[in-house]
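S.K.: Quick one: sequence plus predicted model below, questions after.
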Amino acid sequence: MTSEAHRTAETVWRLESGRIIAGVAGVVRDVGLAEELAQDALVAALEQWPESGVPGNPGAWLMTVARRRAVDRIRRDHRYAERLADIGHRMETAETVEADPERIEDDMLRLIFTACHPVLPEPSRVALTLRMLGGLTTTEIARAFLVPEPTVAQRIVRAKKALGDAGVPFEVPSGADRADRLSSVLAVLYLIFNEGYAATSGDDWLRGDLCREALRLGRLLAGLMPREAEAHGLVALMEIQASRARARTGPSGEPVPLPAQDRALWDPLLVRRGFAALLRAREVGGPPGPYVLQAGIAACHARAATAEDTDWTQIAALYDILAGVAPSPVVELNRAVAVGMARGPAAGLKVLDAVAADASVRDRHLFPSVRGDLLERLGRDAEARAEFRRAAELTANEAERRALLRRAGA
Amino acid sequence: MRYLMMTTDDSSSAGGPPDEAMMAEMGRFIEEMTRAGVLLATGGLEPGGKRITSSGGKVTITDGPFSEAKEQVVGFALVEVRDEAEAIELSRRFWAIVGDGQGTIQRVFGPEEDFPG
């Protein structure tokens, strides 16, 4: 009975800790303290539930206990007097917590923005987000990111302190920096997703979980900010990319490029969810941002029944816009592929060679591999073979190297 | 991992008018789970439906009603969770709202099962 109550407490914690920490932070306006108080409530549950039985609504129980502790803490706070008016208001909200789920949702949004604050280094934003909103333990985060546990623990402690030292307010910015702050939130979620998506080694099932966690948090964010097209765009992008998870590696773990993937293995449920999210983004309107554009490109691929059916004209047009909105050498590399398919290899080569000076793409195997492909289609076989040889030297993947060497005629 | 939760028909609750307060609470629960990214799909099922049997290459369609109504699935929810304990916990919350009844929870093996790694 004891262990069953413990298991329930831990499961409810995983499901509800984000809401609980947010709800407490709404009272104390300090995410570090909020997390401590929420943890105290979990400890109380672990102590009491084996004796008293699991309450009917365990999540609400944890929330109420945690918020009560928050109010007690504020009452003891030496700044009580000077903050009396403000506190009186907050205590009122604490008493009526269960009656106002909307307020908790606002607090969750504040929590996401605080955890992803630019004052923190990126790895800390990631750790804090997974810990506070995903309910992941330090151990789980460490295993997923292949870093030692003390490193993650230290990142979290330092991050909480940094937020306090910088006096970061517990709020969703409304002014001029709102767009930047939202990009930071979206970037953190996409980073978590890609960390899982790029998993090729290590504790893979946990890294796969990172994809799911990022998706879950993305869906949560889009639900909390339904008027932000980019939030829906990120969700659409992640849903569609995740739909290809099973198709993108071959039987011996080698990466399978998109055109060669077995489309029957794409998860239709996630594809449909991706389309739905993209539609929501378009309903919001406004000029499309980088995530909406990338999701639009992913949707073009998802719509094509076979690789030959791919609407490259549309994809190239979307890359043209993306290159204007969020220019980067990697975007240019992908644009070169799309333009090469839509407008012919000579046009693609022109786009590609314009970024040839950039070492960040030039020295990755994709650059010579794409260039070789375009040259081959132009009938410049000797040059193409040289590019494939160079790509083979640069790739870290054995199966890919063999394929490239075959094309190099070596 | 994904789990399919199904509620099966229970004659004790069948036929009773749906309680408005319960429906409202269920609506909130469904919305919360959808927004939390946990609930992927949910719906109620037409009572009876048609039965399809394939035997020796011949497909036969039979109209209801069927005698074993108690076994009928009347509603489903497809959820994405981190482990079975989470699925069970969500189910507990569902039944805390609905009251008496019964159902099943089954792991779904599908495309997402081969998520990276």
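M.R.: Everything's here; your move. Numbers count the residues shown, from 1 in each chain, chains lettered A, B, ... in the order given.
S.K.: Quick check: A:A281 touching A:Q294?
M.R.: No - counting by Cβ atoms under 8 Å, A:A281 stays clear of A:Q294, with 11.2 Å between them. Backbone N, C-alpha and C define where each C-beta goes, glycine included.
S.K.: ok, those two, which is more surrounded?
M.R.: More crowded of A:A281 and A:Q294, by other Cβ atoms under 10 Å in any protein chain shown: A:A281, with 27 against 24.
S.K.: Leaving out the residues flanking it, which one is nearest to the more buried one?
M.R.: Spatial nearest neighbour of A:A281, chain neighbours left out: A:H232 (3.7 Å); criterion: Cβ to Cβ, 6 or more residues apart in numbering or on different chains.
S.K.: Is the one you found within a helix or a strand, and which one?
M.R.: According to DSSP states H and E, A:H232 maps onto helix A:229-243.
S.K.: quick one: what helix or strand has A:H6 in it?
M.R.: Assigned by DSSP H and E, A:H6 falls in helix A:2-28.
S.K.: re earlier: quick one: contacts for the residue nearest to A:A281?
M.R.: Contacts for A:H232 (Cβ atoms under 8 Å, 6 or more residues apart in numbering or on different chains) come out as A:A222, A:P226, A:A277, A:L278, A:R280, A:A281, A:V284, A:V292.
S.K.: in the stretch 251-400 of chain A, what residue is nearest chain B?
M.R.: A:D267 (3.6 Å; Cβ to the nearest Cβ).
S.K.: Buried residues in the helix or strand where A:A60 lies, which are they?
M.R.: Using DSSP H and E, A:A60 falls within helix A:58-76. Buried residues in helix A:58-76, defined by neighbour count with 16 or more other Cβ atoms under 10 Å in any protein chain shown: A:58-59, A:61-71, A:73-74.
S.K.: sorry, back to before: and the pLDDT for the residue of the stretch 251-400 of chain A closest to chain B?
M.R.: Model confidence at A:D267, given as pLDDT, is 90.
S.K.: how about the CA coordinates for the lowest-mean-pLDDT helix or strand in chain B, as CSV?
M.R.: Across the helices and strands of chain B, mean pLDDT, DSSP states H and E gives its lowest value to helix B:20-35, namely a mean of 88. Provided in CSV are the C-alpha atoms of helix B:20-35 (Å, rounded to 0.1, in the frame of the first residue of the first chain):
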residue,chain,number,x,y,z
GLU,B,20,-24.8,18.5,-17.0
ALA,B,21,-22.3,19.3,-14.3
MET,B,22,-20.4,16.1,-15.1
MET,B,23,-20.4,17.0,-18.8
ALA,B,24,-19.0,20.4,-18.0
GLU,B,25,-16.3,19.0,-15.8
MET,B,26,-15.5,16.4,-18.5
GLY,B,27,-15.3,19.1,-21.1
ARG,B,28,-12.7,21.0,-18.9
PHE,B,29,-10.7,17.8,-18.3
ILE,B,30,-10.6,17.0,-22.1
GLU,B,31,-9.6,20.6,-22.8
GLU,B,32,-6.9,20.5,-20.2
MET,B,33,-5.5,17.2,-21.5
THR,B,34,-5.6,18.3,-25.1
ARG,B,35,-3.8,21.5,-24.3
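S.K.: anything in it near chain A?
M.R.: Yes - using Cβ under 8 Å from any Cβ of the partner chain, helix B:20-35 reaches chain A at B:R28, B:E32, B:T34, B:R35.
S.K.: And the next helix or strand past the worst-scoring helix or strand of chain A on mean pLDDT?
M.R.: Lowest mean confidence among the helices and strands of chain A (mean pLDDT, DSSP H and E): helix A:84-95, at a mean of 55. Downstream of helix A:84-95, the first helix or strand assigned by DSSP H and E is helix A:101-115.
S.K.: So for that following helix, what gets flagged as buried?
M.R.: A:I104, A:E105, A:D106, A:D107, A:M108, A:L109, A:R110, A:L111, A:I112, A:F113, A:T114, A:A115.
S.K.: try stretch A:26-44
M.R.: A:26-38, A:40-42, A:44.
S.K.: Secondary structure class of B:L78, three-state.
M.R.: strand (DSSP: H, G, I helix; E, B strand; the rest coil).
S.K.: who does it bridge with?
M.R.: B:L4, B:A41 (DSSP bridges).
S.K.: measure it to A:L42 for me?
M.R.: Remark: distance between B:L78 and A:L42 (Cβ to Cβ, to the nearest Å) = 29 Å.
S.K.: before we move on, what about A:D309?
M.R.: 52 Å.
S.K.: Where does the prediction get shaky in the stretch 51-200 of chain A?
M.R.: Along the stretch 51-200 of chain A, the parts satisfying pLDDT under 70 run over A:78-99, A:198-200.
S.K.: distance between stretch A:255-271 and the chain's centre?
M.R.: 21 Å (Cα atoms, centre = their mean, to the nearest Å).
S.K.: and chain A, what are its domains?
M.R.: A:1-99, A:363-410 (automatic domain parsing).
S.K.: So is the first one next to chain B?
M.R.: What it means is domain A:1-99. Yes - using Cβ under 8 Å from any Cβ, we find that domain A:1-99 touches chain B at A:R7, A:T8, A:E10, A:T11, A:V12, A:R14, A:L15, A:G56, A:N57, A:G59.
S.K.: Let me see the contact set for the third one.
M.R.: The one in question is A:E10. Contacts of A:E10 by Cβ under 8 Å, 6+ apart are B:A85.
S.K.: quick one: contacts for the most centrally placed residue in chain B?
M.R.: The residue lying closest to the centre of chain B (Cα atoms, centre = their mean) is B:F76, at 1.9 Å. Shown in contact with B:F76 (Cβ under 8 Å, 6+ apart): B:L4, B:M5, B:M6, B:T7, B:A41, B:T42, B:G43, B:L45.
S.K.: Please pick out the residue of chain B most distant from its centre.
M.R.: Of all residues in chain B, B:G56 has its C-alpha farthest from the mean position, at 31.0 Å, by Cα atoms, centre = their mean.
S.K.: A:P290 against A:A323, yeah?
M.R.: No - with contact defined as Cβ under 8 Å, A:P290 does not count as touching A:A323 (10.4 Å).
S.K.: ok, these two, which is more surrounded?
M.R.: Per other Cβ under 10 Å, whichever of A:P290 and A:A323 has more neighbours is A:P290, with 21 against 16.
S.K.: okay, the more buried one: pLDDT?
M.R.: At A:P290, pLDDT is 97.
S.K.: The closest residue to it other than its chain neighbours and A:T129, how far apart?
M.R.: Of all residues not flanking A:P290 in the chain, A:A326 sits nearest, at 4.0 Å (Cβ to Cβ, 6+ apart). Distance, A:A326 to A:T129, by Cβ to Cβ: 22 Å.
S.K.: Name the residue in these two with the higher neighbour count.
M.R.: Each of A:A326 and A:T129 has its neighbours counted (other Cβ under 10 Å); A:T129 has more, 28 against 15.
S.K.: can you pull the contacts of the more buried one?
M.R.: Neighbours of A:T129 in contact, by Cβ under 8 Å, 6+ apart: A:I112, A:A115, A:C116, A:V188, A:L189, A:I192, A:L217.
S.K.: Ok, A:R362 next?
M.R.: So A:R362 contacts A:V355, A:A356 (Cβ under 8 Å, 6+ apart).
S.K.: Give me the pLDDT for it.
M.R.: 83.
S.K.: Buried residues in the strand or helix carrying A:R143, which are they?
M.R.: Per DSSP H and E: A:R143 is located in helix A:138-145. For helix A:138-145, the neighbour count (16+ other Cβ under 10 Å) marks A:T138, A:E140, A:I141, A:A142, A:R143, A:A144, A:F145 as buried.
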